[in-house]
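1. have a look; sequence and predicted model below, questions after that.
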Amino acid sequence: MGITAIVLTLVSVADASVMPMPYPLPANFTFGQCGADSSGMTGCVTARALAPTVSVVCSKKPTCTAACAGSTLFQGTFSRYASRLGGTNAAAAQTQKGTLGTVHRGHIDTKPHESATSYWWILNNTNCNLHDMSMTCTNLTIDQCKIKCEQNAECGGFLYYSKTGVMALKNSTCWADVGPLPPSDFGDDLFVMRNMPQPEPLPPTSAPITTVEVCVTESSESLDSSTDESYTVSIPADGTATVSAATIFGAMHGLETLTQLVDVRVGTGGLRTIPSCPLDISDAPRFEYRGLLIDSGRHFLPIDHVKHVVEAAAMVKLNVIHWHLVDSTSFATCSDEFPSLCAAGAYPNTYSPPTRNVSKAVYTKADMVDLVGFAKSRGVRIVPEWDMPGHGGWGYGMPELMTTACADAFDVTRPDLYDFLTKFLTEMGSIFTDDLLFLGGDELSVDCFDNTPTIAAWMKEHGLNASSTQQYFWQEMTAKVFPKLNKTISVWRADDPNRGPYQTNVPRSTVFNVYQSLSTLWTQTIPAGTPSVVSIAGQNWYLDSECGGYNQNAWTCIYNLHGPSGSWLGNPAWTPEQAALFKGGETAIWGEGINEDNFDAFVWRGATAGAERLWSTEQSLGCPTSICPGITNVRPGVSHWLKDEPARLSDQLCRMGLRGIHTGPIGPGFCPSDAGSQGVSELHRLELENAMLRVKLARALK
């Protein structure tokens, strides 16, 4: 599989031949010239800038040019990422680590280059080797003490006692370990450290990147479970970056990784750099199914918001949006064949009557076709779900097909039900072109059958009970409907197999979504030879049901997940053939308490953590043996896991915030988007305002 965890990070490489460069920088890197210094430490960091205008173009190699020529999908991808990578300042080529707000660790050479500018940090008083000076800052303010320190060549900072206000000057040349924070964050004793020493100027070979050449070798634009999403990224010394992939979708991931390599917090005034160059990355996903479930059945999500979700999913290399379109409370999917379904079922409806004159909240055929194309152009598959035979809103528009006891459960004994479902699902299959079709199958109340007189009589005549009648529905679907759809079916799988279709009553290719406990995957579905994905509410992957503790820490429960012997792959006792049946997973956001107003903050911290677990192996993430005792061959020096993950996740959430995905933070800190229009460039601010105006205009026109 090659690989590496690049969903959230600057660069985290397991099998590639480059040193991992997590953020903050590891202690075994120094600043300045490459090679060993007086302390025996080795390594160097060079910053490569993005030029004011970055061209993203098809490579001049013949095989690449042929694949790119005349493709709207290819050209749209190039244009989109050129916009994201452009707009920077060429002067960033000389931006150094150590500027205001940069978090870093390392060793200072004995004769460092000194900057003409001083920068200040507030840091914990145990971090530095300080030497007392005879001077103090008695009766001075903090700012006055800074000036006094700067006027003395030996002064490196001062000790501040917040209760007494006494500030004792100190001499030190260590680098700060934390960024600028208010004194109250540390308590009484603080060091306010002046960062005089600066690294040596960057080597002259660290030229700005002006061009990104993209080489795609296959002209196919097919996106499904078999699509090759691997890619490589190379940034040599000549200022031209290259992204190579077999498919355009792999190239999209490579371009996204390239944007993630750019340090979002380095420098001021929009200067952005890639901290470690040159580098080579070879990457591929761990699982073919990496998803997020969204629920518009319980609260309607405008189509523009669904596109917003797709944009965010592509940023973290998720490739599936599992769209729970209907539930007992509504049916917003409009059908040309059966117009009454959304006419009666869409909000407002009898479940949620209108309080004023409002239009129906529906998804038209044009909406859905447009969304599928929009998502594909970002490497995301739309997998629709219509729940059946229970808790679906079919009865608003087609009451004759339902049980008399329950308006949300099909009367599975009606022969015309299967003709209806064949026509409806065939129509929807022409809109949603993915090979996977999700049909629910869970949470049917068997009382719906027992308490409907005609069904009760039918069951008695055929020698069936309510549970076996539920299985009869799936047998009929398998015999009469599924063969006409040319789709792979997916259904829910509870811990109790009696709550949904048995594996023997659906096609063998059916993908079961294990939605309660991971142990059901380990011991039931995979050993039975059933292709499976997981959404595992029992392991906190239902994002609207967060694990205990503070909200900003809930992502750790999603990330720190492991199975028997520490293997998140599943059960070590599986054969290779069984392990191949595990297709991936998804986090899920159910809509009882979620709409577009609070969606981003509830979803993206946890979904981003889940995205990395679905993309990356334990080996590439450096899972420690204390957590993953069954994992071997962890790349030496990789120490991400939960230790370094918060910094990388914070960077990614900041990056998403700058693109208009309002994730919220996972701890104290600063992202340029926190300052609103003050923290982003004028161009980016106008882009965000333009995007918001387009959304408002689209809604007004509806």
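-> Okay, I see it.
2. show me where the stretch 451-600 of the chain has helices.
-> Secondary structure of the stretch 451-600 of the chain by DSSP state H, counting those that start in this stretch: the helices cover 453-462, 466-476, 518-520, 555-559, 576-579, 599-615.
3. sorry, that was for the stretch 201-350 of the chain
-> Going by DSSP H, counting those that start in this stretch, the stretch 201-350 of the chain shows helices at 248-261, 303-315, 340-345.
4. just those: most buried one?
-> Greatest average neighbour count among those goes to helix 248-261 (a mean of 25), per mean count of other Cβ atoms under 10 Å. C-beta here means a position set from N, CA and C on the backbone, and glycine is covered the same way.
5. average pLDDT across that one?
-> Across helix 248-261, pLDDT averages out at 91.
6. by how many degrees do the strand or helix carrying residue 371 and helix 303-315 diverge?
-> Using DSSP states H and E, residue 371 sits in helix 365-376. Put simply, helix 365-376 runs at 10 degrees to helix 303-315, going by axes from the mean of the first three to the mean of the last three Cα atoms, to 10 degrees.
7. list the contacts of whichever helix or strand comes after helix 365-376.
-> Going down the chain from helix 365-376, the next helix or strand is strand 381-388, by DSSP H and E. Residues from elsewhere that reach strand 381-388 (Cβ atoms under 8 Å, 6 or more residues apart in numbering): 223-224, 291, 297, 319-327, 333, 371-372, 375, 392, 394, 410, 421, 425, 428, 432, 434, 436-442, 473, 490.
8. from the residues you listed, which land in strands?
-> 291, 320-324, 326-327, 436-440, 490 (DSSP state E).
9. now residue 311. Nearest residue, chain neighbours left out?
-> Closest residue to residue 311 apart from its sequence neighbours, by Cβ to Cβ, 6 or more residues apart in numbering: residue 378 at 6.8 Å.
10. which residues are in contact with the one you found?
-> 252, 310-311, 313-314 are the contacts of residue 378 under Cβ under 8 Å, 6+ apart.
11. so which of the helices of the stretch 451-600 of the chain is the most surrounded?
-> By mean count of other Cβ under 10 Å, the helices of the stretch 451-600 of the chain have helix 599-615 as the most buried, with a mean of 25.
12. that helix to helix 303-315, inter-axis angle?
-> Using the same axes, to 10 degrees: helix 599-615 against helix 303-315 is 30 degrees.
13. now helix 599-615 - C-alpha only, CSV.
-> The C-alpha trace of helix 599-615 is given here as CSV (Å, rounded to 0.1, in the frame of the first residue of the first chain):
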residue,chain,number,x,y,z
PHE,A,599,-23.2,21.2,11.3
ASP,A,600,-19.5,22.1,10.9
ALA,A,601,-18.7,22.4,14.6
PHE,A,602,-20.3,19.1,15.4
VAL,A,603,-18.8,17.2,12.5
TRP,A,604,-15.4,18.1,11.3
ARG,A,605,-13.2,17.7,14.3
GLY,A,606,-14.3,14.1,14.7
ALA,A,607,-14.7,13.4,11.0
THR,A,608,-11.2,14.6,10.3
ALA,A,609,-9.8,12.4,13.0
GLY,A,610,-11.7,9.5,11.5
ALA,A,611,-10.6,10.3,8.0
GLU,A,612,-7.0,9.8,9.0
ARG,A,613,-7.7,6.5,10.6
LEU,A,614,-9.4,5.4,7.4
TRP,A,615,-6.5,6.6,5.2
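14. show the average pLDDT along it.
-> Mean predicted confidence for helix 599-615 is 91.
15. what's near enough to touch residue 666?
-> If a contact means Cβ under 8 Å, 6+ apart, then residue 666 has 552-553, 555, 605, 646, 649-650, 653 as its contacts.
16. please redo it, this time with the cut-off set to 10 Å
-> Residue 666 sits next to 550-556, 605, 608-609, 645-647, 649-650, 653 when contact means Cβ atoms under 10 Å, 6 or more residues apart in numbering.
17. would you mind measuring from residue 471 to residue 420?
-> Applying Cβ to Cβ, to the nearest Å, the value for residue 471 to residue 420 is 20 Å.
18. which of the ones in strands among the contacts of strand 381-388 sits closest to residue 75?
-> Each of the ones in strands among the contacts of strand 381-388 was scored against residue 75 by Cβ to Cβ, and residue 321 proved nearest at 23.8 Å.
19. tell me where the stretch 601-702 of the chain is predicted with low confidence.
-> The stretch 601-702 of the chain contains residues with pLDDT under 70 at 618-645, 676-702.
20. hmm, residue 462 is touching residue 413, no?
-> Yes. Using Cβ atoms under 10 Å, residue 462 makes contact with residue 413 at a distance of 8.7 Å.
21. list residues touching both of these two?
-> 469, 472.
22. run through the bridge partners of the closest residue to residue 607 other than its chain neighbours.
-> Residue nearest to residue 607 in three dimensions, not counting chain neighbours: residue 587, with 4.7 Å by Cβ to Cβ, 6+ apart. In this entry, residue 587 is beta-bridged to residue 292, by DSSP bridges.
23. which among the ones in strands among the contacts of strand 381-388 count as buried?
-> Buried positions within the ones in strands among the contacts of strand 381-388, assessed by neighbour count (16 or more other Cβ atoms under 10 Å), are 291, 320-324, 326-327, 436-440, 490.
24. any chance of these in JSON lines with pLDDT as columns?
-> JSON lines is the format used below for these (pLDDT from 0 to 100):
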{"residue": "291", "pLDDT": "97"}
{"residue": "320", "pLDDT": "98"}
{"residue": "321", "pLDDT": "98"}
{"residue": "322", "pLDDT": "98"}
{"residue": "323", "pLDDT": "98"}
{"residue": "324", "pLDDT": "98"}
{"residue": "326", "pLDDT": "96"}
{"residue": "327", "pLDDT": "96"}
{"residue": "436", "pLDDT": "98"}
{"residue": "437", "pLDDT": "98"}
{"residue": "438", "pLDDT": "98"}
{"residue": "439", "pLDDT": "98"}
{"residue": "440", "pLDDT": "95"}
{"residue": "490", "pLDDT": "98"}
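25. can I get the helices of the stretch 201-350 of the chain in CSV including distance to residue 451?
-> Conversion of the helices of the stretch 201-350 of the chain to CSV gives the following (distance: least, Cβ to Cβ, whole Å):
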stretch, distance to residue 451
helix 248-261, 49
helix 303-315, 37
helix 340-345, 23
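26. quick one: closest of the ones you listed to residue 69.
-> helix 248-261 (12.5 Å).
27. can I get the closest one in CSV? Just the C-alpha atoms.
-> Only the C-alpha atoms of helix 248-261 are listed here, as CSV (Å, rounded to 0.1, in the frame of the first residue of the first chain):
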residue,chain,number,x,y,z
ILE,A,248,-7.3,12.3,-11.8
PHE,A,249,-8.7,11.4,-8.4
GLY,A,250,-5.3,10.3,-7.1
ALA,A,251,-4.0,13.6,-8.5
MET,A,252,-6.6,15.5,-6.5
HIS,A,253,-5.3,13.9,-3.3
GLY,A,254,-1.8,14.8,-4.3
LEU,A,255,-2.7,18.4,-4.9
GLU,A,256,-4.6,18.4,-1.6
THR,A,257,-1.5,17.1,0.2
LEU,A,258,0.6,19.8,-1.5
THR,A,259,-1.7,22.4,0.0
GLN,A,260,-1.4,20.7,3.4
LEU,A,261,2.4,20.9,3.2
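28. kind regards, and thank you for your time.
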